[in-house]
Structure formats: structure tokens, C-alpha cells
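Participant: build me a model:
(chains A and B)
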Amino acid sequence: MDIWFLLTILMLACFVGYLVISSITPALHSPLMSVSNAISGIIILGALISLKESSHLADLILSYSACFFAAINIFGGFAVSQRMLEMFKTRRPESNQGDKK
Amino acid sequence: MINLFVNTSYLLANTLMILSIKLLSSPKTARIGNLFGICGMFWAIIAALISLELISHIIPILVILSGALAGICIAYKVKITSLPQMIAAFNGMGGLAAACISLSEISSGSEEWLNNTLSLVIGSITFCGSIVAFAKLNWSRLSAPLHFYAQYIVNSLLFLLGLAFGLCFMIHGNISSFYALGATAGVLGFMLVLPIGGADIPIAISVLNAMSGWACVFVGLSLQSPVLIIIGTIVGTGGTFLARVMTKAVNRSLFNILTGSFALAGHGSETEKTAQQGSPQDAAFLMENAANIIIVPGYGLASAHAQYALKNMADILRQTYHVNVKFAIHPVAGRMPGHMNVLLAEADVDYADVYELGDINHEFAAADVAYVIGANDITNPKAKTDASSPIYGMPILEVAKAKTIFFVKRSLASGYSGIDNPLFYQPNTYMLYGDAKAVTEEIIKALEA
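Facilitator: Numbering: from 1, shown residues only, chains lettered A, B, ... in the order given. The predicted structure is shown next:
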């Protein structure tokens, strides 16, 4: 793929990222960090591609380790986010309590 | 046919993951957001396995599954209070993966030298930096900023050394200098996070989070994968955005924080003053008779694990004494962005009662009691009055305007910044010395009596 095409995608993604993220309430900044950390594990695709291209043993080991670490990142990240967000969910039933003055 | 399926899957995965971030904008949709993220990631991995014809190979799948198992086990084993360091650790894994990929790419003869060099450097710094951040969060005795002689010179030398290795690799294609570059970047990552102290760690984590995203972008450029570029950029801008929010909240530049120069600046010698000590019983009495109470939590709440006691106290005050209780949160309170919100949510505090800095600051003047629990610098009026103070210009919670202030603290020691807080010596301030949880429980006992 043409490098300019890829750079155009990069540029557009910057704007999308900024627009999407700046609307997030400060109360959810922790889950935001956690979820974005988890999806940064998408790098596992890179690890798989590089696995396919590897021929020597050393390269294979590196690619497999990259796969392993990225998998930890993905699943650990989503699990942590899930735990965090579960705490935000439980309050719903009694949420009118705070309104009484 | 397979091509169509794979490309559609990638498109779908991208959409789902962008949506997952978008849905985090409200607590109501946040959990669906996480689910979308998981689905998107699942589709992307399946599509990659199919397009690379790896789906029938058992080893890659086993490796992914074992990583998944390890990640999930770790994530569910740790205590809720350890979540910030878990994020740091998982983030480091992403950086390590980026570094491994670029090493493997280069040694198997990739021509993308610039992109692989960048992803190696960023990946190594992210990995080593995250390890230090993890250690600082996990073992509180390590959390102090570590300064040593000629730190800047050592770091500059490391930077130049890395630059030399990088140039050597790019000009001569010398692979061993590529390895050396990775090692140098790793050491630099260690060195850069070491001088960052406890309260600045959230900013460091955001920056490291952003860096793992940018590493992903460069891997994507090198492997020509739009998915990696898009998602990496989203993560990168997200981390950068969070870092910017927090640097604004402490009114310092990112450079200033990352070089740790703050802690060096703030050691003004103060003359001996005395602070009044209050008792939990006094606090309970004043709270019972108050109309408005604002609670200001800080890191002390997390370290003492006092959020349940605090929620209990707020409930008793509301239900038995009909007091209006609100929580005020400063953007940098705690050890990660939004840390206090997570803690209060854990204790089942309604998020409608939790207010951000800008929304509640004008209400302190009408508050009868401000209950500051484990926070210090974020309330320090010197940020507004003393132009020579290192925190001058930082937005603070204007606790000083409340009628009575209770400070729950272990001792009179100054906060992380090393700046004395004049609030302690105000005539309407009472210090409640002790562990945040123990003090709050004493107050509850007195309230129930």
C-alpha cells in the first residue's frame, strides 16, 4: 500500500480519535484508559503478520512472544475494564437517592 | 471470497472499536462499549488468522489462548485497589510486543527501517517505563521520586547514544546496532520514569498509554495494516488527551512533569505554626447539624481503603440527619485519571452525587463542613495566592471557603509536592490525625450513638 495513503488514514484517525475521546466525561477517564489500553493490543495482528513472515527460529520465537504479550494485554485489559465498569453499573437501582434535598 | 470476508471483518472490527470508545462517554453505555471492544477485537483476530492461513495451525492459537488465560487470571486475581498498576503492567506488555515485532521484522529482512526503528524505540521505552510505573504503584515505598546526581546528563547521553545506534543502523544496516538501540531505549525508559513521583504517576501512565498506541501505529505503517494504524492512533490520541487534561489540572507542562523538576522546586522552609487538632466526635457533632457537606477525597482514601466507610458515613448523614452530602473530585486526585470516581463507584456511591472541580467549586462558600480525606495539594490555597509556589496557577478545590474544614491526615507532613498547606493553620480547620478509614469509622460510631 502507498505510504501516502497510509499517512492519510493516520491523519484522519487523529481527528476521529480526538473527537471521540474529548466527549468522554471525566468520571470515566479510568475506564477510558483501561479500554484504550486493551484495544492497543490490536498489535497482535502485527505479531501474527510477522509470524507468517518469519523463517528463522529466533524470529519465530520473537513473533510468538509478541503474540503472547499482546494477548495478555488484550484480555487482561478488557477484564480489568469489565471489573471497573461493573462497579459503575450496580448503583442504577438506587440512583434517585441522591436527589432528595 | 475469503478476501471479502476478511476485509469486511476488518471494517467491522474498526467500527466496533471506535464505537467502544465513543460509548464510554456515559456511565450508562460504558459497559456496552467494553463489550463492543471485545467483539471488535475478536473479529479482528479471527480475520487475521484466516487471511494469514494460520487458523489451522495449532501453535499460534495455543499461544494466543495461553496469553489470554494469563491476562484474565491476573486481571481477576488482583484486588480492586491494584487496578492502576495492572493497567500499567498490561500497557507494558503492549510495548514489549511492539518491540518484539520490530526485532523479528528487521532480523527477517524487512526494508521498513525507519518505522521499525521508531516502533522498537517507543515499544522499549513503553515497556521499561511501565515496569517502573507498576513498581511505583505497587510498592508504595518505591513511589517517591528518585533523583540522583547528573540525571539530566546521563539521560542526554543515553539519548545521544540511542541516536548514534539508530543512525548507524539506518546508514549501514548493521543489525547489532539495532539490538543495541532497543537496549538503550529500554534503559532510557527506566531512567525517564524513575524521577516521576507518586502524584505525577497518573500523567506518566497516560503518556505511556499513548506511547503504546503510537508504537502500534508504526508497526502498522511498517506492515501496511490500516487497522493497526487506525486503532493505534485512537489509543495514541486518547492517552495524549488524558495527559493534557491532567497537566492542565496541575498547571504544569508535560516536559516539567516528565523531567520531575517539580519535586526539586518545592521546599520552602516554613516557620513553626500550630494546627488545631479535632476529634472524630467533634466532627460528627458538626456534621449532624450541618445542612451541606462536601467531601473531598484524595489518594489517602484509596490507600486506606476507606471508600466503604465513607459511603456509609454519607448515607447515615443523609438518612438520619437529612444532610445534603456531595463529593468533590479534582482531576488529579488519586493515581490514575478518574481514580476517585472508580473508588466511589466501587463503594456504590451514586454518580449523581459526585461532582467535578468546575461544577462544585462555587458551592464551597455555602458548605457548612468540608471533609477532606487523604487529599492535600489539590486544596492548597497557595496555588491561588502565592506566586512563588511551585503549584501557583493550579486550579484547586476551594475548600478554604467552607465554614468548617476537617482534614483527615496521617500527620502534618506536607503533600507530595513538599509544600506546606496554609489551610491547616486556619482557625476553622481541624485536623483529624489517623488512618482515613479508622477516623471515618470513629465518626460513624459517634453519629450512630
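Participant: for the residue nearest to A:Ile74 when sequence neighbours are not counted, phi and psi?
Facilitator: Computed as CB to CB, 6 or more residues apart in numbering or on different chains, the closest residue to A:Ile74 that is not its neighbour in sequence is A:Gly41, at 3.3 Å. Heads up, the C-betas are built off the backbone N, CA and C, glycines and all. Per-residue torsions, A:Gly41: phi -70, psi 0 (degrees, to the nearest 10).
Participant: what does B:Leu432 give?
Facilitator: The phi/psi pair for B:Leu432 (degrees, to the nearest 10) reads phi -110, psi 100.
Participant: strands of chain B, residue ranges please.
Facilitator: B:292-297, B:324-329, B:354-356, B:369-373, B:404-409, B:429-433 (DSSP state E).
Participant: CSV for these, including distance to chain A, mean neighbour count and mean pLDDT?
Facilitator: CSV is the format used below for these (distance: least, CB to the nearest CB, whole Å; neighbours: other CB atoms under 10 Å in any protein chain shown; pLDDT from 0 to 100):
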stretch, distance to chain A, mean neighbour count, mean pLDDT
strand B:292-297, 10, 26, 90
strand B:324-329, 6, 24, 89
strand B:354-356, 5, 18, 86
strand B:369-373, 16, 27, 88
strand B:404-409, 21, 25, 85
strand B:429-433, 25, 19, 85
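Participant: and those strands: which comes nearest A:Phe15?
Facilitator: strand B:354-356 (25.6 Å; CB to CB).
Participant: can you list the strands that the closest one pairs with?
Facilitator: When pairing is defined by DSSP bridges, strand B:354-356 lines up against strand B:324-329 (parallel).
Participant: residues contacting the strand it pairs with, please?
Facilitator: The contact list for strand B:324-329, computed with CB atoms under 8 Å, 6 or more residues apart in numbering or on different chains, reads A:26-27, A:101, B:291-297, B:314, B:317-318, B:340-341, B:344, B:349, B:353-357, B:360-361, B:363-364, B:397.
Participant: just to revisit the earlier point, next, format the strands of chain B as CSV and append distance to B:Ala183.
Facilitator: Supplementary listing: the strands of chain B in CSV, determined by distance: least, CB to CB, whole Å:
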stretch, distance to B:Ala183
strand B:292-297, 42
strand B:324-329, 41
strand B:354-356, 43
strand B:369-373, 44
strand B:404-409, 43
strand B:429-433, 48
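Participant: which one, of those strands, ends up nearest to B:Ser26?
Facilitator: Closest among the strands of chain B, once you apply CB to CB, is strand B:354-356, at 14.1 Å.
Participant: smallest gap between chain A and chain B, at which residue?
Facilitator: Residue of chain A nearest chain B, by CB to the nearest CB: A:Ala71 (2.6 Å).
Participant: got any ranges where chain A has weak pLDDT?
Facilitator: For chain A, applying pLDDT under 70 flags the ranges A:89-101.
Participant: do a quick rundown of the helices in it.
Facilitator: With DSSP state H applied, chain A shows helices at A:3-22, A:29-39, A:44-53, A:57-89, listed in chain order.
Participant: out of those, which is the most enclosed?
Facilitator: Each of these was scored by mean neighbour count; the highest is helix A:29-39, a mean of 30, by mean count of other CB atoms under 10 Å in any protein chain shown.
Participant: pull the contacting residues for the residue of the stretch 1-150 of chain B found nearest chain A.
Facilitator: Across the stretch 1-150 of chain B, no residue is closer to chain A than B:Gly67, which sits at 2.6 Å (CB to the nearest CB). B:Gly67 sits next to A:Cys67, A:Phe68, A:Phe69, A:Ala70, A:Ala71, A:Ile72, A:Ile74, A:Phe75 when contact means CB under 8 Å, 6+ apart.
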